[in-house]
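In: Take a look and give me a structure for this.
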Amino acid sequence: MNLHRKRTIPFLAVALWLVAAAAHAGSVCKGTAINPVTDICWQCMFPAQIGSVSFGMGQESAPGNITTPTCVCPDSKQGIIAGLSVAFWEHARMIETVKDPYCFPILGTGMTNPKPGFSSGTSNGPAYSDNAYSFQQAHYYTFPAWSILKLFMDFPCAEQGGFDLAYMTEVDPMWNDDSLSFIINPEALLFANPVSQVACVADSVAATVSNPIDPLFWCMGSWGSFYPLTGSVDSSDPLSVNAGLAARMLFKLGRESLLFDTGINQCSSGGVITPILVKSNYRLQIARPVRGTACNPIGRPAMIWGSGKNPPWGAGANSPDNFLWSMTRRRVCCVGYGLN
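Out: This is a model prediction of the structure:
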């Protein structure tokens, strides 16, 4: 009997350890679901522009330049539309960058990884050192906030639709392999040199004070380089890394013809495909682990907006290193009447 007890105790200890480990693994991905009313920076939609008049107190400059206050556009239903040019910032998408695969901060929960330990995020070395390295997974959601909240339903410029998971990198081999990603970004070889990266200093300065420099399309300001279009970054600073990966996700989707830029052609309501991302047409607001109150242009230093946004112990119910970003995009359109 004593021998049986001696044999049973180690097995019970192992069983209890496995249960505790499973509970810990399940608790790694946790959080509170997104609330579009309180978690989105609504001030970020301003300033807006109608014709030549700009209105609303926004954090940044007006969304681009409208060349003419009036517009004339072809329309499949009404023949020709004549009216006023309109520009504003639209809450349209959400992006997650997560250390734990299949973790969905926007939902406040996650899924079981079918291959535990595979595709997990990592971070090594001091930030910005020669040995620094990070890897995160990313998820891309359609999130037309106005439509979800049933606001401005009759406004022809606003996107209509609902919430949906549109892309996840756990099932994308190119996101997980720098060599394989050359299929969609062969030009990365041209910018893997010190001269090209030194030019990014100017982009960082521009993003700090205003908007990034679009012709320096390979630069993400202080967030690093857009290339390669994978989840790997040569840095371990969590805020800059994850903001940069959210921006990379936009570039990658544009290269794959899955992202349509609504800030270029006011006569194209659905937007146009941009294989090279127009950086100044997008801004990011951190929503998890800690909600931010600013929509930042791509490349703005994290020291300006990131203080206290990723506590190492988590933030309330939100686990650390699993980020959610609200993306606002520039939208230009023509609002008027059909002349048919």
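In: any weak-confidence spans in the protein?
Out: 1-28, 57-65, 114-131, 340 (pLDDT under 70).
In: The same query, at a cut-off of 50, please.
Out: The model of the chain has pLDDT under 50 over residues 1, 3-27, 117.
In: So which residues of the stretch 151-300 of the chain form strands?
Out: With DSSP state E, counting those that start in this stretch, the ranges of strands along the stretch 151-300 of the chain come out as 164-168, 232-233, 260-261, 272-273, 282-288, 296-297.
In: Turn the ones you listed into CSV, columns for distance to Phe251 and mean neighbour count.
Out: Every residue, glycine included, has its C-beta placed from N, CA and C. Listed next are these as CSV, based on distance: least, CB to CB, whole Å; neighbours: other CB atoms under 10 Å:
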stretch, distance to Phe251, mean neighbour count
strand 164-168, 13, 15
strand 232-233, 13, 21
strand 260-261, 11, 18
strand 272-273, 13, 12
strand 282-288, 10, 25
strand 296-297, 15, 23
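In: So which of the ones you listed is nearest Val53?
Out: With distances scored as CB to CB, the stretch of the strands of the stretch 151-300 of the chain nearest to Val53 is strand 282-288 (21.9 Å).
In: helices or strands next to that closest one in the packing?
Out: Contacts defined by 3 or more CB pairs under 8 Å, 6 or more residues apart in numbering; DSSP states H and E place strand 282-288 against strand 79-98, helix 238-255, strand 296-297, strand 322-338.
In: Return the most buried member of the ones you listed.
Out: helix 238-255 (a mean of 26; mean count of other CB atoms under 10 Å).
In: which strands and helices sit next to that helix?
Out: So helix 238-255, by 3+ CB pairs under 8 Å, 6+ apart, packs with strand 79-98, strand 137-142, strand 232-233, strand 282-288, helix 302-305, strand 322-338.
In: Pull the residues that contact the shortest one.
Out: In other words, strand 232-233. Tyr133, Ser134, Phe135, Asp178, Gly224, Val241, Gly244, Leu245 (CB atoms under 8 Å, 6 or more residues apart in numbering).
In: Starting from it, tell me which strands it pairs with and how they run.
Out: Applying DSSP bridges, strand 232-233 is found paired with strand 133-135 (antiparallel).
In: Check which residues of the partner strand are buried.
Out: In terms of neighbour count (16 or more other CB atoms under 10 Å), strand 133-135 has its buried residues at Ser134, Phe135.
In: Nearest to Ile213 among the helices and strands packed on helix 238-255 would be which one?
Out: Nearest of the helices and strands packed on helix 238-255 (CB to CB): strand 282-288, 14.1 Å.
In: starting at the chain centroid, how far to the closest one?
Out: Remark: strand 282-288 is offset 7 Å from the chain centroid, using CA atoms, centre = their mean, to the nearest Å.
In: how big is the angle separating that strand from helix 238-255?
Out: 130 degrees (axes from the mean of the first three to the mean of the last three CA atoms, to 10 degrees).
In: what does strand 282-288 rub up against?
Out: 31, 34, 39-41, 44, 60, 89, 94-95, 105-106, 239, 243, 246-247, 250, 292-298, 305-306, 309, 315, 318, 322-330.
In: now it and strand 322-338, what's the angle there?
Out: Calculated by the same axes, to 10 degrees, strand 282-288 forms an angle of 140 degrees with strand 322-338.
In: Run me through the strand neighbours of strand 282-288, direction for each.
Out: When pairing is defined by DSSP bridges, strand 282-288 lines up against strand 296-297 (antiparallel), strand 322-338 (antiparallel).
In: May I see those arranged in JSON lines, with distance to Ala166 as well?
Out: Below are the strands paired with strand 282-288 laid out as JSON lines (distance: least, CB to CB, whole Å):
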{"stretch": "strand 296-297", "distance to Ala166": "23"}
{"stretch": "strand 322-338", "distance to Ala166": "12"}
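In: out of those strands, nearest to Val209?
Out: Closest among these, once you apply CB to CB, is strand 296-297, at 9.9 Å.
In: gap between stretch 69-77 and the chain center?
Out: 31 Å.
In: Kindly apply the preceding question to stretch 307-320 instead.
Out: Computed by CA atoms, centre = their mean, the chain-centroid distance of stretch 307-320 equals 18 Å.
In: could you show me where the helices are in the stretch 51-200 of the chain, in order?
Out: 145-148, 194-198, 200-209 (DSSP state H, counting those that start in this stretch).
In: From Phe251, how far out is the nearest residue to Ile183 once chain neighbours are set aside?
Out: Among residues not flanking Ile183 along the chain, Met174 sits closest, at 6.5 Å (CB to CB, 6 or more residues apart in numbering). Note on Met174: its distance to Phe251, by CB to CB, to the nearest Å, is 13 Å.
In: before we move on, the earlier item: now, which of the contacts of strand 232-233 sits nearest Val198?
Out: Gly224 (13.3 Å).
In: dump the residue contacts of the closest residue to that closest one other than its chain neighbours.
Out: In this structure, Gly224 finds its nearest non-sequential neighbour in Gly244, 5.1 Å apart by CB to CB, 6+ apart. By CB under 8 Å, 6+ apart, the contact list for Gly244 reads Met220, Trp223, Gly224, Val233.
In: Repeat that for Met327.
Out: His91, Ala92, Arg93, Met94, Ile95, Ala246, Leu250, Tyr282, Arg283, Leu284, Gln285.
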